[in-house]
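In: I would like the atomic coordinates for the input below:
(2 chains)
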Amino acid sequence: MDELELLKKHWQKDGAQYPHVSANAIYKMILKRSSSIVKWVLIISLLEFGLWTGLALFFKGSKSTQNFDKLDSDFLLIPLSVLGYVILAYFFYLFYRNYRRISVTDNAKILMENILRTRRTVKNYVLFNLLFMVASFAAVLYIEFDQDQALIRRAQVAAANGEVFMFYGKIILMVAGVIAVFAGVLLFFYWLIYGLLLRKLNRNYKELKKLEMLS
Amino acid sequence: MDKELEHNFVALLEEHQNIVHKVCRLYTNHREAHNDLFQEITIQLWKAYPKFRGDAKFSTWMYRVGLNTAITLYRKSKRTINTYELETYQFKLSAEEYDDTEEQQLKLLYDAVRQLNDIEKALVFLYLEDKDYKEISDTLGISEVNARVKMNRIKNKLRTILNP
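Out: Here you go, the predicted structure:
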C-alpha cells in the first residue's frame, strides 16, 4: 500500500488525541499579541525610514553645515532637500500601500510576494538615500572648494608646502570613514532582516518558484 | 471589537480546532512549540475574521490562514530553540486496531514527513485532509498540474526516506 494512504487513514480519525482548547482559552489567546514577521517587517521598516531621514536632518543641522550655510549654496541645496522630501513621501506611500496589501487570506505565493515587495520598497528607499547623500556630499565639497576662502587658502598653503597629498588624503579619509559607518548600519539592518527574519520566507518562496518550473 | 463577532468566532474555532492542531503537528516537534504556533494561528484567524465572508466554508478558510501562518508568518519563539528533546506524539490507537507493526510504521511515517520542507509539508497536509488538487493549487498559488507532479515526487521522496 502507498505509505501516505496508511497515514491518511490514521490522520482522518486522529482528532481525539489533541488536547481540547476551551472557548475560554481561545478568548484569552485572541487578546495576546501576534509575533508574526509582518509586525517585525513593519517595525524595522519604520525604523529604517526614521533613521535615514533622521541622518539627513542631522547633517543639515550640524555645526559644519551652519558654517557652510554662510556660503552661497541655496541654489543647489534647497532644490536638493525639496526633492529629498518629495521622494521620501513617495516611497512612504508605496510602502504603506504594499503593506496594506499583505493579507493572510491570500494564497501562499501572493502573500509571500506582497511581504517581499514591501521590503523591496524600503530597500530602494535606503539605496536612494545613500546615493542622495553621496550626491549631497559631492555638492557640498564642490561648493566648499569653490567658495570657502579659508579652505581655498589652506589648500594653497598645503600646495606651497608640498603637502597636497596629505591635505586631500585627510579629506578622502574623512569621507571614507563616514561612508563606512553608513555601510555598517546598512549591513546591520540587512543581516537583521534577511538573516533572521526573512530567511524562512525566502527559502519557502524559492521552493514555490521551483514548483513553477515543474511543467 | 464587536462582542457577537467575537462570540461567533470563538465558537467556530472551538468546533474546528483540530485543523489548527493538525497544522501544528506537522510544523512543530514538541508540545511547547505546538502551543505557540496554535496561539499565533488563532491570532491570525481572529485578525482576518472580520473579512471572512460566509461564501467560503470556515474550515476551508482556516486551512489557508493556518498554513500561511505556519509557512510564512510564524517566527519561532525563543523558547523553541533546540534545547528540548524531540517529544513525539503518542499514537493512541484503540484496543481492537492495536497493532505493533502498524504503530511502528506510523511513527516512521510521521518522522519522515517531518523531514520534508515547509512547502512539501503543506502539500502533504492538504492531501491528508483529502483536498483535491484544485484546492491545493488555490491554497499555495501553484498550478494544478504542478501540484500533482510535486505530490508524486513527495511520495517518492518519502519512500526513499523510509527505505534507504
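
In: Show me chain B divided up by domain.
Out: B:1-87, B:89-164 (automatic domain parsing).

In: of all the ones you listed, which lies closest to chain A?
Out: domain B:89-164 (2.9 Å; Cβ to the nearest Cβ). Every C-beta, even on glycine, is put in place using the N, C-alpha and C of the backbone.

In: which regions of chain B sit below the pLDDT cut-off?
Out: Scanning chain B for pLDDT under 70 picks out B:1, B:77-99.

In: got a list of what the most centrally placed residue in it touches?
Out: Nearest to the mean C-alpha position of chain B, by Cα atoms, centre = their mean, lies residue B:23 at 1.9 Å. Residues in contact with residue B:23 (Cβ atoms under 8 Å, 6 or more residues apart in numbering or on different chains) are B:37, B:41, B:66, B:67, B:69, B:70, B:125.

In: quick revisit: can you put the domains of chain B in a markdown table and add distance to residue A:39?
Out: Below are those laid out as a markdown table (distance: least, Cβ to Cβ, whole Å):
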| stretch | distance to residue A:39 |
| --- | --- |
| domain B:1-87 | 9 |
| domain B:89-164 | 20 |
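
In: now, of the ones you listed, which is deepest in the fold?
Out: Most buried of the domains of chain B, by mean neighbour count (mean count of other Cβ atoms under 10 Å in any protein chain shown): domain B:1-87, with a mean of 18.

In: quick one: the strands in chain A?
Out: For chain A, no strands are identified by DSSP state E.

In: Where does it get nearest to chain B, residue-wise?
Out: Closest point on chain A to chain B, by Cβ to the nearest Cβ, is residue A:109, at 2.9 Å.

In: Dihedrals phi and psi, the closest residue to that residue other than its chain neighbours?
Out: Closest residue to residue A:109 apart from its sequence neighbours, by Cβ to Cβ, 6 or more residues apart in numbering or on different chains: residue B:141 at 2.9 Å. Backbone geometry at residue B:141, expressed as degrees, to the nearest 10, gives phi 80, psi 30.

In: what stretches of chain A score poorly on pLDDT?
Out: A:1, A:14-16, A:59-73, A:215.

In: quick one, longest helix in it?
Out: Assignment by DSSP state H gives helix A:108-147 as the longest helix of chain A.

In: List the buried residues in that one.
Out: A:108-109, A:111-115, A:117-119, A:121-123, A:125-126, A:128-129, A:132-133, A:136, A:140, A:143-144 (16 or more other Cβ atoms under 10 Å in any protein chain shown).

In: try stretch A:176-194
Out: Neighbour-count burial for stretch A:176-194 [16+ other Cβ under 10 Å]: A:182, A:186, A:189, A:193.

In: what does that stretch contact?
Out: By Cβ under 8 Å, 6+ apart, stretch A:176-194 touches A:41, A:44, A:48, A:51, A:55, A:119, A:126, A:130, A:133, A:134, A:137, A:202.
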